[in-house]
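> what would the 3D arrangement of this be:
(chains A and B)
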Number of protein chains: 2
Amino acid sequence: MPLFFEAAAAGGVPIIKALREAFVANHIRSMHGIINGTSNYILTRMTQAKLGFEEALKEAQAAGYAEADPTLDINGWDAAHKAIILASLAYGFWVNAADIHVEGIQNVTAADIEFAEKLGYKIKLLAVIKSDESCTENCPVEVRVHPTLVPESHVLASVNGVFNAIAVHGDVVGETLFYGRGAGQDATASAVISDLAEAAVALEIPRPNFGFVPHGLYGKCKPICEVITPYYLRLSVVDRPGVLALITGILSEERIGISSVIQPEAHEEEIVPLVLMLHTASQAQMDSAVSKIGALECVKRPPQVLRVETFS
Amino acid sequence: MPLFFEAAAAGGVPIIKALREAFVANHIRSMHGIINGTSNYILTRMTQAKLGFEEALKEAQAAGYAEADPTLDINGWDAAHKAIILASLAYGFWVNAADIHVEGIQNVTAADIEFAEKLGYKIKLLAVIKSDESCTENCPVEVRVHPTLVPESHVLASVNGVFNAIAVHGDVVGETLFYGRGAGQDATASAVISDLAEAAVALEIPRPNFGFVPHGLYGKCKPICEVITPYYLRLSVVDRPGVLALITGILSEERIGISSVIQPEAHEEEIVPLVLMLHTASQAQMDSAVSKIGALECVKRPPQVLRVETFS
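The predicted model follows:
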């Protein structure tokens, strides 16, 4: 018997049907999804009402958008479970949860959201699923979930509140986007009832499980240390001459280029923020640079490192 | 045998599958679609590069986005044909082309686009399909295609170039949106190949034509004279005292409220634009008001009348 699970990712948005049926002609180059409504609600409220994380989480709980125990929403694993389903449908092998990279939104601060806005970005919890275009077969697939700086001009930056959206780039169809409610009893019911209708047809007239992922197919995920993205780096540094030179020196040693620097005017505070937008680097390069930078005497708190998605 | 026609509306965007299968649980409250890429390209270029209509059309033809004879794109009928398909799938009866209201973009001017922007709107060729919520059965359906002022904050205002997008509001699923390429050989191929895959399954294992619209079902379209929307009215008037009083007097007689007025500073020109944003009115009310206003001695050119969509 076929198995139907449309409500398992993005609620009422028929993304599973799209991947199983509508896009059969396509090799999926990438998917970028906002697929956890709770974390999107929290980030939206932090952005629009300038709330802190804890305050926004409490509001989400009061509004019934977050569970009493919101752990899986906040730590990225609810989005990761859905990303695993979407990646498995797109690439035809079951992705192992242990092979993907997952970060939640619990460490995103109001300061990060404000600096991101100054730089022309919104911070979103993004599921990113990508395969290398140049690689034709058995190509490792990137599957990762993390808070991400999304350029304001991209439509995903405008997806607010509890809404979900998934941008799917197929090699034949090009750019597409699906948007709607990812949770709530009604949106979920819409998906479940469409599954029931298909199951009813399948009961009367057995049909093959069109677009289902067979078990045992070969495929693998790209290790996160090889994933290359631009980065946002926010440091808390002592306000004195020479600090920027020390930090840029370390980045230069690791061959990481800098695209912009924000160093707000110090108002007689001893510790000031320093924000750097970095060109593409591997996680391995970043880990090495950040550990050296974090060990500097002039760097007073653990560095904040967020990935940037350019959609290029 | 089932009939498959996914490429018939919105090219690579699986909107037909969504209506036939994914949204079976829903009564469709409304659809708002940008479903003609050529006219969207022209309006986008008029907006972004401040081109005139003729200039933008020539550019679209040079870029291969418009046919040598672009009549059906420009006069709204290509979008209307697709709106008929979408409305028929949503409401279960075949909509008659003679019963719907269709206007093209040929009379939209650079001035309209500029005034719309000042007022917080983009002008889009929109297919609007709507059923009255309060009416439960045999409710007349609105089907209309016309250049429309779309609030900048709505995601459809950001759909640019040859891209298509359809916002579908279902009573169960809530707001959804589908976005992608509406034309071009690749996007069309993606849709056709998905149809071929379904047809291949249907050949081996006959299945009923799930979600197909049976002929002969009862249904009717709401006459356009009964359709109620807000309006944008641009007049070319003689620059002298008392003109605004005359015009607002006529609107008041027809019980049409005014939400804002733009009367740019006159620079010693005799004929100046006067733009009024009007509260909701029926087409019948507007026709009557516009014919009286157009007959005024102080109104020097035929009034420009465009509908506004509020998505409320």
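> and A:Ser131, what are its phi and psi?
Note on A:Ser131: its backbone torsions stand at phi -120, psi 150 [degrees, to the nearest 10].
> now do the same for it: its pLDDT.
With respect to pLDDT, A:Ser131 scores 90.
> what values do phi and psi take at A:Val102?
Per-residue torsions, A:Val102: phi -130, psi 120 (degrees, to the nearest 10).
> go on, A:Arg307?
phi -80, psi 150.
> shaky segments in the stretch 101-250 of chain A?
A:133-138, A:204-218 (pLDDT under 70).
> could you list the residues of it in contact with chain B?
The stretch 101-250 of chain A comes close to chain B at residues A:155, A:158, A:163, A:165, A:170, A:172-181, A:184, A:186-187, A:189-191, A:193-194, A:197-198, A:201, A:205-208, A:210, as judged by C-beta under 8 Å from any C-beta of the partner chain. C-betas here are computed from N, CA, C, even on glycine.
> quick one: end-to-end length of stretch A:85-103, please.
Using C-alpha to C-alpha, to the nearest Å, the end-to-end distance of stretch A:85-103 comes to 18 Å.
> show me which positions of that stretch end up buried.
A:85-91, A:93-95, A:100-103 (16 or more other C-beta atoms under 10 Å in any protein chain shown).
> tell me what the most centrally placed residue in chain A is bridged to.
Nearest residue to the geometric centre of chain A (C-alpha atoms, centre = their mean): A:Leu126, 1.7 Å. Beta-bridge partners of A:Leu126, counted by DSSP bridges, are A:His146.
> quick check, it in contact with A:Gly33.
Yes. Using C-beta atoms under 8 Å, A:Leu126 makes contact with A:Gly33 at a distance of 6.9 Å.
> pull the contacting residues for the residue nearest to the centre of chain A.
By C-beta atoms under 8 Å, 6 or more residues apart in numbering or on different chains, the residues touching A:Leu126 are A:His32, A:Gly33, A:Ile34, A:Val145, A:His146, A:Pro147, A:Thr148, A:Val150, A:Leu156, A:Glu309.
> circling back to that earlier point, nearest to B:Glu226, of the buried residues of stretch A:85-103?
A:Leu86 (44.5 Å; C-beta to C-beta).
> so which residues of chain A form helices?
Assigned by DSSP state H, the helices in chain A fall at A:15-17, A:37-48, A:53-62, A:71-74, A:77-91, A:110-118, A:185-204, A:243-253, A:283-294.
> so which of the ones you listed is the most packed in?
helix A:15-17 (a mean of 25; mean count of other C-beta atoms under 10 Å in any protein chain shown).
> domain parsing for chain A?
Following automatic domain parsing, one gets these domains for chain A: A:6-203+A:209-222, A:225-308.
> save the helices of chain A as JSON lines, and put in distance to B:Lys130 too.
Below are the helices of chain A laid out as JSON lines (distance: least, C-beta to C-beta, whole Å):
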{"stretch": "helix A:15-17", "distance to B:Lys130": "25"}
{"stretch": "helix A:37-48", "distance to B:Lys130": "27"}
{"stretch": "helix A:53-62", "distance to B:Lys130": "33"}
{"stretch": "helix A:71-74", "distance to B:Lys130": "35"}
{"stretch": "helix A:77-91", "distance to B:Lys130": "32"}
{"stretch": "helix A:110-118", "distance to B:Lys130": "36"}
{"stretch": "helix A:185-204", "distance to B:Lys130": "19"}
{"stretch": "helix A:243-253", "distance to B:Lys130": "56"}
{"stretch": "helix A:283-294", "distance to B:Lys130": "49"}
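> so which of those comes closest to B:Ala110?
helix A:110-118 (32.5 Å).
> give me the contacts around that closest one.
By C-beta under 8 Å, 6+ apart, helix A:110-118 touches A:43, A:46-47, A:50-53, A:122-123, A:149, A:232, A:234, A:262, A:273, A:275, A:304, A:306.
> stretch A:233-241 now?
Residues from elsewhere that reach stretch A:233-241 (C-beta under 8 Å, 6+ apart): A:111-112, A:115, A:243, A:247, A:266, A:269-278, A:290, A:293, A:298-301, A:303-306.
> strands along the stretch 101-250 of chain A, start to end?
A:101-102, A:121-131, A:141-151, A:163-170, A:174-181, A:228-238 (DSSP state E, counting those that start in this stretch).
> and those: which comes nearest B:Ile224?
With C-beta to C-beta as the criterion, B:Ile224 lies closest to strand A:174-181 of these, at 29.7 Å.
> quick one: strands adjacent to that closest one?
strand A:163-170 (antiparallel), strand B:174-181 (antiparallel).
> now those strands as TSV including mean neighbour count?
Converted to TSV, the strands paired with strand A:174-181 look like this (neighbours: other C-beta atoms under 10 Å in any protein chain shown):
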stretch	mean neighbour count
strand A:163-170	25
strand B:174-181	23
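> which of those sits closest to A:Ala68?
Closest among the strands paired with strand A:174-181, using C-beta to C-beta: strand A:163-170, at 22.1 Å.
> please save the CA atoms from the closest one in PDB.
Coordinates of each C-alpha in strand A:163-170 appear next as PDB, following Å, rounded to 0.1, in the frame of the first residue of the first chain:
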ATOM      1  CA  PHE A 163       3.900  30.900   8.100                       C
ATOM      2  CA  ASN A 164       6.100  28.400   6.300                       C
ATOM      3  CA  ALA A 165       7.700  28.700   2.900                       C
ATOM      4  CA  ILE A 166       9.900  26.500   0.800                       C
ATOM      5  CA  ALA A 167      11.900  27.800  -2.200                       C
ATOM      6  CA  VAL A 168      12.600  24.800  -4.500                       C
ATOM      7  CA  HIS A 169      15.000  25.200  -7.400                       C
ATOM      8  CA  GLY A 170      14.700  22.400  -9.900                       C
END
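> identify the residues contacting A:Gly174.
B:Gly12, B:Gly180, B:Arg181, B:Gly184, B:Asp186, B:Ala187.
> how close does it get to A:Ala22?
A:Gly174 sits 13 Å away from A:Ala22, going by C-beta to C-beta, to the nearest Å.
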